[in-house]
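[1] Quick one: sequence plus predicted model below, questions after.
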Amino acid sequence: MADEQTTSSSYYTEEESDTEHITWADEFHKEGPHHKLAKIPIMYIEDKFNLAGINTMVENIQRCYEVLLDKKEPKFIDQETTLYLLIHQRYIMTKPGMEDIFSKIIAKEYGECKRVLCNRAPMIPIGISNKPHIASVKSYCYNCNDVYEPKESLQLLDGCAFGSTFPHLLVLNYKTQLQEREYHQYIPRIYGFKIYEDE
């Protein structure tokens, strides 16, 4: 069967010409919670503009970069993973990347808000820091504007995969698609009377 040729000039789209070729990214997305990430098109990774500033956060970056491009065999697993996650943080700020993650959010792949009064609002993944090895992924609720620990599988992901800006940019871009919910503050009462609190 002849290879399919892509007609798009955008590096945010990608078509596989060899269905039998298993890439580093294919294997990576099969492991643990990595299927919760957006798959980054190889052409996005190839554009070194998208790597600006990352070199200070990843050791052996050139070799790791060549592994991601399937030019070398994996060797520094942790560093290769960190590089991919940092590129992922940038990719999901693009329209295709954000659309990919938004579809997972709507499907509630990242869970629902634990707060009863949020009426099962879908959670958005967030990183406390944009840098690697600081904290694992957390869950942000756009309804109560609070951050929670996610389900256990997501706690294995480094928060740098999403960063601290992503959820707020996503909410701005998908305001009409996200179901509007009224924010209700729980009011403690005794025998129906609101409790007076000293200031």
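    Alright, I've got the coordinates.
[2] How confident was the prediction at the spatially most central residue of the chain?
    Centroid-nearest residue in the chain: Phe162, 4.1 Å away (criterion: C-alpha atoms, centre = their mean). For Phe162, the model assigns a pLDDT of 98.
[3] Enumerate every residue touching it.
    By C-beta atoms under 8 Å, 6 or more residues apart in numbering, Phe162 lies in contact with His88, Gln89, Ile92, Pro125, Ile126, Gly127, Val137. All C-beta atoms are positioned from the backbone trio N, CA, C, and that covers glycine.
[4] With neighbour count as extra columns, can I get these in TSV?
    Compiled in TSV, the contacts of Phe162 are given as follows (neighbours: other C-beta atoms under 10 Å):
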residue	neighbour count
His88	22
Gln89	24
Ile92	25
Pro125	27
Ile126	23
Gly127	26
Val137	25
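[5] Among these, which ones are in helices?
    The helices, defined by DSSP state H, take in His88, Gln89 from the contacts of Phe162.
[6] tally of neighbours for the residue lying closest to Ile128 once chain neighbours are set aside?
    Excluding the flanking residues, the one nearest Ile128 by C-beta to C-beta, 6 or more residues apart in numbering is Ala135, at 4.4 Å. Ala135 has 14 neighbours, counted by other C-beta atoms under 10 Å.
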